[in-house]
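1. coordinates only, no sequence provided:
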């Protein structure tokens, strides 16, 4: 008969639909009590298990000891193990993160590089309590207080409802030893202070602390999941392509509105924080423009919120590109194709889809180029009596951040076509047209 801990892990996997038999499960194996127990439980439950040990190159001989222990444990069980070494100190010197956070980021990166269906981490109920307290101490919303999620994308946590004491008891019954990270005993790390000083006081106040916390955590997760569902639906409603309706965002209840704004920030890889949320709130309510991260700006126009990144790659620095027929060019982060089409005089049959994207190739004077708009640009559109100001056309046809990437074609005599507005009258398609140049944006 399987032990109580193994059965509980099995129930947790089923409860949260974490994994299925036949899937390959990768255990992040540190050699500590939690990860050793997780490996044994999944092995006893009959899952296809492999392991990865990440040596952080922080603790010298102790780190090498942990690596050797993990290799021996897996060898004894006949489980495949991969060892990866990451230089946490070097990473932290190059990036503004703590040693704890640097180790965590590199560890997950290493695990994601291994071919497996799911990544299993050994977070337990005690870890959840410490995370909740930590997030409360530094300030957090419901999602942070709801602590570590049982499932996040391909990462699963089968020990999430198991107590640390039960895990250690399970290992003792099996006679399975484990390694102890000496840094877990030091109070210089924030979580260790909570573990060694705060949690014991809470246990004195409430001896049934873990039972009480487990129930509360369940309620918090349910509430958070419900708000996430509402927020997902609201996000779809406020989104229109790559922009967002300010009016619809304003009409949302604050808990949902806050989550929708967080989704917007995440979509553009902007670090989510209260300061960024407040910036977007202000723009949605009052309008304006604001810098939300390096080279990334948010602004509103006509009741619509836009977020865009100023790109600095080589092609974006070019003001002009010579165009060759039957080619694809990279223009301001967009892939634009140019094709020649022979129409044999049947110009009425030119696909309406390309009505504003084509011109008579034989009427071009000299070299044709793709270029940015310029001060004073004007040209006469088909069926217009007077020339149009390109600056005004761009303002009518494009949001601010897309105007420099609009397709404008010119020959030796001036502009021959502007995206969304069509060709100049002098290169219009008519009954004499035989060859048409067609452009199409194939990738934004």
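-> Everything's here; your move. Because the structure is a prediction, the values reported are computed rather than measured.

2. and for stretch 152-159, what are the contacting residues?
-> 9, 12-13, 16, 18-19, 25, 34, 37-38, 41-42, 108, 117-124, 148-151, 167 (Cβ atoms under 8 Å, 6 or more residues apart in numbering). (C-beta placed from N, C-alpha, C; glycine too.)

3. give me the PyMOL select line for those residues, limited to the buried ones.
-> A single PyMOL command selects the buried members of these (16 or more other Cβ atoms under 10 Å):
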select buried, resi 9+12+13+16+18+19+25+34+37+38+41+42+118+119+120+121+122+123+124+148+149+150+167
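
4. so where's the stretch 101-250 of the chain shaky on pLDDT?
-> Scanning the stretch 101-250 of the chain for pLDDT under 70 picks out 182-189.

5. now the helices for it?
-> In the stretch 101-250 of the chain, the helices defined using DSSP state H, counting those that start in this stretch lie at 125-138, 142-145, 164-174, 190-193, 199-205, 209-238, 246-250.

6. on contacts alone, who are the packing partners of the fifth one?
-> In terms of contacts (3 or more Cβ pairs under 8 Å, 6 or more residues apart in numbering; DSSP states H and E), helix 199-205 is packed against helix 125-138, helix 209-238.

7. what comes into contact with the shortest one?
-> By Cβ under 8 Å, 6+ apart, the list of residues contacting helix 125-138 from outside reads 34, 144-148, 160-164, 190-191, 194-195, 198-199, 209-210, 213-214, 217.

8. ditto for stretch 17-24
-> 12-13, 25, 46-48, 50, 115-118, 150-151, 156, 158.

9. that stretch: how far from the chain's middle?
-> 25 Å (Cα atoms, centre = their mean, to the nearest Å).

10. pull out the buried positions in that stretch.
-> Applying 16+ other Cβ under 10 Å to stretch 17-24 flags 18-19 as buried.

11. again, but for stretch 251-262
-> 252, 256-262.

12. off-centre distance for that stretch?
-> Distance, centroid of stretch 251-262 to centroid of chain: 19 Å (Cα atoms, centre = their mean).

13. swap in stretch 88-99?
-> 21 Å.

14. do stretch 379-389 as well
-> The answer for stretch 379-389 is 45 Å, by Cα atoms, centre = their mean.

15. kindly report the same for stretch 293-307.
-> Distance of stretch 293-307 from the chain centroid (Cα atoms, centre = their mean) equals 19 Å.

16. for stretch 109-119, same thing?
-> Centre to centre, stretch against its chain (Cα atoms, centre = their mean), the figure for stretch 109-119 is 17 Å.

17. follow-up on the earlier one: any quick ChimeraX command for the buried ones out of the contacts of helix 125-138?
-> Command for ChimeraX that selects the buried part of these, burial taken from 16+ other Cβ under 10 Å:
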select :34,145,146,147,148,160,161,162,163,164,194,195,199,210,213,217
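
18. the contacts of stretch 17-24: which two are farthest apart?
-> Spatially, the most separated pair among these is 12 and 115, at 24.6 Å (Cβ to Cβ).

19. how much space separates the residue nearest to residue 105 when sequence neighbours are not counted from residue 106?
-> Spatial nearest neighbour of residue 105, excluding adjacent residues (Cβ to Cβ, 6 or more residues apart in numbering): residue 97 at 7.0 Å. Distance, residue 97 to residue 106, by Cβ to Cβ, to the nearest Å: 10 Å.

20. next, show the common contact partners of those two.
-> residue 91.

21. the two: who's more crowded?
-> residue 106 (21 against 14; other Cβ atoms under 10 Å).

22. isn't the more buried one up against residue 90?
-> No. Under the criterion of Cβ atoms under 8 Å, residue 106 makes no contact with residue 90, lying 10.0 Å away.

23. turn the helices of the stretch 101-250 of the chain into JSON lines, columns for distance to residue 323.
-> Shown next, in JSON lines, are the helices of the stretch 101-250 of the chain (distance: least, Cβ to Cβ, whole Å):
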{"stretch": "helix 125-138", "distance to residue 323": "55"}
{"stretch": "helix 142-145", "distance to residue 323": "50"}
{"stretch": "helix 164-174", "distance to residue 323": "66"}
{"stretch": "helix 190-193", "distance to residue 323": "58"}
{"stretch": "helix 199-205", "distance to residue 323": "68"}
{"stretch": "helix 209-238", "distance to residue 323": "38"}
{"stretch": "helix 246-250", "distance to residue 323": "38"}
